[in-house]
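1. Sharing a model prediction with you, sequence too.
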Amino acid sequence: MKSELLAAAFLGLAVRSIISLYSYSGFNTPPMYGDYEAQRHWQEVTVNLDTGEWYTNSSNNDLMYWGLDYPPLTAYHSYIVGKLGKAINPRFVELHKSRGYQSPEHKRFMRSTVVAADILVYLPALLAVCLCLDKSFQGDDKLFLFMLTVVYPGQILIDNGHFQYNNISLGLAAAAVAAILRGRLYIASFFFTLALNYKQMELYHSLPFFAFLLGECVNQERFGAFVARLSRIGAIVLATFAILWSPWLGSLPRALGVLQRLFPVARGVFEDKVANVWCAINVVWKLKKHLLNDQMALVCIGCTLIAALPTNIALFRRRTQLGFLLALFNTSLAFFLFSFQVHEKTILLAALPALFLLKWWPNEMLLFLEVSVFSMLPLLARDKLLLPALVSTVTFHLLFKCLRPEHSHMRNISNIVMIIIVAASLLIPAPARFPDLWPLIISVISCGHFVLFFVWGNCQHFVFKS
């Protein structure tokens, strides 16, 4: 069993290495370049400026040029990577002069840091979840699950292709999931707090963790035990926040400045053609013409909470492994479909629990994971990653069929529709009047699928007994 798990991990690393050979976000596209440059620039800022200046606009830190907009743990990670890069070649992070720096040497360095995060954080956390699942799972089940989680193309294409470090926040969240599955509530609190302090989008997973942990506290037979457990969890969360935020807590304006960077309401409800409800509605009813950003933010908060509450109330009342994973899936989909400032890449937050649900609903989750990649195709096409996206997704599908041959006869209309749309987008140019026609079609069709999966997931949480 150990050798098979190790082989699966190496397969995942091999796929990542192949994807790393392709282009990345912003390659040779001045003046802003893309996410690759954003990550490099954060290394430049954190290495050259004092901690208190990292989120503050100045002559040395123009926040309009890829200013830091993730929590402190991301900044600390950028600092560590930047220090390593500076030791290799100071030009990587030279203040002001390194903007848009691109070279084969630098690409190898940056790509290796993502793979290092996969090895140190993401893959071990995935393995931990697979091993911590219900004891009724046999070795073959866990190997099947681990094999598919490590080769899921969505995360690989975004991190090792497009270029980001979602593997760290998702890995920390997965470690917290593994701790929940083992009943290690304090460890789960610590790891999820780290995940939330790496990327604020981990709020997508926050309500199920809150509901489960609070339910476990309330379930104590004695009031004193309830207070003790709740106090310990609260102390872990607050202490972790305090340590990570300590450079900014001494000044209220600085702390508020960081929060404003993390939640930029002024940027609007969504960017590009994202596969959520607001983008779909915007096709026929232009939101920005009828609602101000502040109003839209309140609408998003209200709709998201209403959509997410049922599954979390069910989890609070009855806490099981499957219920927790379903709540993570349903809640992250609620956030993706209805929350404010959604990016295409945040569908990865729903994909994480979907991967772990493959054992219970293999066909349904396989389709969801394939649609998640389909929804990001316009983004990947801009980065010249369409070919590896198509090949890796087909490979993922075939691997699933090989590992579960009893499902090899399954076909569905969704796969046919996606194949037709991809082929049409490649063969039929969009009309000049509607240059975004194909991205819009992809986003609306993907949104329709995600809505159906959201309804399906909530129904399963209330009818499936486990």
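-> Noted; the coordinates are in hand. Residues are numbered from 1 along each chain as shown.
2. what about residue 394, which helix or strand?
-> Per DSSP states H and E: residue 394 is located in helix 386-403.
3. next SSE after that helix?
-> Next along from helix 386-403, by DSSP H and E: helix 413-427.
4. which parts of stretch 16-34 are buried?
-> When burial is assessed from 16 or more other Cβ atoms under 10 Å, stretch 16-34 yields the following buried residues: 16, 19-20, 22-27, 33-34. Where you see a C-beta, it was placed from the backbone N, CA and C, and this is true even at glycine.
5. Can you give the contact residues for stretch 160-169?
-> Surrounding stretch 160-169, the residues in contact under the criterion Cβ atoms under 8 Å, 6 or more residues apart in numbering are 16-17, 19-20, 22-25, 34-36, 39, 74, 77, 110-111, 113-115, 117-118, 121-122, 155, 158-159, 195, 198-199, 201-202, 345, 348, 379-380, 383, 385, 388-389.
6. quick revisit: hey, C-alpha coordinates of the helix holding residue 394 in CSV?
-> Extracted C-alpha coordinates of helix 386-403, given in CSV (Å, rounded to 0.1, in the frame of the first residue of the first chain):
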residue,chain,number,x,y,z
LEU,A,386,-5.6,25.3,-23.4
LEU,A,387,-3.8,22.3,-24.8
PRO,A,388,-2.5,21.0,-21.4
ALA,A,389,-5.9,21.8,-19.9
LEU,A,390,-7.7,19.6,-22.5
VAL,A,391,-5.1,16.8,-22.3
SER,A,392,-4.9,16.7,-18.5
THR,A,393,-8.7,16.7,-18.2
VAL,A,394,-9.1,13.8,-20.7
THR,A,395,-6.3,12.0,-18.9
PHE,A,396,-8.1,12.6,-15.5
HIS,A,397,-11.3,11.2,-17.0
LEU,A,398,-9.6,8.1,-18.4
LEU,A,399,-7.7,7.5,-15.2
PHE,A,400,-11.0,7.5,-13.3
LYS,A,401,-12.5,5.0,-15.7
CYS,A,402,-9.4,2.7,-15.3
LEU,A,403,-9.6,2.8,-11.5
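7. got the buried residues for the one helix or strand residue 365 maps to?
-> Taking DSSP H and E as the definition, one finds residue 365 inside helix 362-375. By neighbour count with 16+ other Cβ under 10 Å, helix 362-375 contains the buried residues 362, 364-375.
8. Check which helices and strands that helix sits against.
-> Helices and strands touching helix 362-375, as assessed by 3 or more Cβ pairs under 8 Å, 6 or more residues apart in numbering; DSSP states H and E, comprise helix 153-156, helix 348-356, helix 386-403, helix 413-427, helix 437-463.
9. got the angle for the longest one vs helix 413-427?
-> Using axes from the mean of the first three to the mean of the last three Cα atoms, to 10 degrees, the inter-axis angle of helix 437-463 relative to helix 413-427 is 160 degrees.
10. Quick check: buried residues in helix 437-463?
-> So, applying 16+ other Cβ under 10 Å, buried residues of helix 437-463: 438-443, 445-447, 449-451, 453-454, 456-458, 460-461.
11. Then the second one?
-> Using 16+ other Cβ under 10 Å as the burial criterion, the residues of helix 348-356 that qualify are 348-356.
12. quick revisit: closest one to residue 313 among the helices and strands packed on helix 362-375?
-> Closest to residue 313 of these, according to Cβ to Cβ: helix 437-463, at 10.0 Å.
13. now that closest one, how far from the centre of its chain.
-> Taking Cα atoms, centre = their mean, to the nearest Å, one finds helix 437-463 lying 17 Å from the centre of the chain it belongs to.
14. and the direction of that helix versus that of helix 362-375, what angle?
-> Taking the same axes, to 10 degrees, helix 437-463 and helix 362-375 form an angle of 150 degrees between their directions.
15. Mind giving me the packing neighbours of helix 437-463?
-> On a contact count with 3+ Cβ pairs under 8 Å, 6+ apart, helix 437-463 meets helix 277-282, helix 293-317, helix 321-338, helix 362-375, helix 377-382, helix 413-427.
16. just for the stretch 151-300 of the chain, where's the confidence low?
-> Along the stretch 151-300 of the chain, the model assigns pLDDT under 70 to residues 268.
17. can we see that at 90?
-> Per-residue confidence for the stretch 151-300 of the chain (pLDDT under 90) gives these ranges: 220-221, 250-251, 253, 263-273, 282-297.
18. Compile the buried residues of helix 362-375 into a markdown table and extend it with columns for distance to residue 421 and pLDDT.
-> Shown next, in a markdown table, are the buried residues of helix 362-375 (distance: Cβ to Cβ, whole Å; pLDDT from 0 to 100):
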| residue | distance to residue 421 | pLDDT |
| --- | --- | --- |
| 362 | 24 | 92 |
| 364 | 21 | 94 |
| 365 | 21 | 96 |
| 366 | 18 | 95 |
| 367 | 15 | 95 |
| 368 | 17 | 97 |
| 369 | 17 | 97 |
| 370 | 13 | 97 |
| 371 | 11 | 97 |
| 372 | 15 | 98 |
| 373 | 13 | 98 |
| 374 | 8 | 97 |
| 375 | 11 | 97 |
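19. Out of these, which is nearest to residue 291?
-> Comparing the buried residues of helix 362-375 against residue 291 with Cβ to Cβ places residue 375 closest, at 24.4 Å.
20. what's the closest non-adjacent residue to residue 146?
-> If you skip the residues right next to it in sequence, residue 146 has residue 130 as its closest partner in space, 4.4 Å away by Cβ to Cβ, 6 or more residues apart in numbering.
21. Neighbours of the one you found, how many?
-> Using other Cβ atoms under 10 Å, residue 130 has 27 neighbouring residues.
22. what's the answer for residue 429, then?
-> Using other Cβ under 10 Å, the number of residues around residue 429 comes to 10.
23. Give me the three-state assignment for it.
-> Reduced to three states with DSSP: H, G, I helix; E, B strand; the rest coil, the structure at residue 429 is coil.
24. contacting residues around it?
-> With contacts defined as Cβ under 8 Å, 6+ apart, residue 429 has no neighbours.
25. Could you measure from it over to residue 44?
-> Residue 429 sits 39 Å away from residue 44 when distances are taken as Cβ to Cβ, to the nearest Å.
26. quick one, what contacts the nearest residue to residue 55 once chain neighbours are set aside?
-> Beyond its immediate neighbours in the sequence, the residue positioned closest to residue 55 (Cβ to Cβ, 6+ apart) is residue 258, lying 4.7 Å away. Listed by Cβ under 8 Å, 6+ apart, the contact partners of residue 258 are 55, 71-72, 245, 248.
27. related to what we said a few turns ago, can you select the buried ones among the contacts of stretch 160-169 for me in ChimeraX?
-> Applying 16+ other Cβ under 10 Å to the contacts of stretch 160-169 leaves a buried subset, and the ChimeraX line that selects it is:
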select :16,19,20,22,23,24,25,34,35,36,39,74,77,110,111,113,114,115,117,118,121,122,155,158,159,195,198,199,201,202,345,348,379,380,383,385,388,389
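28. Inside helices: which ones of the contacts of stretch 160-169?
-> When DSSP state H defines the helices, the subset of these inside them is 16-17, 19-20, 35-36, 39, 74, 77, 110-111, 113-115, 117, 155, 195, 348, 379-380, 388-389.
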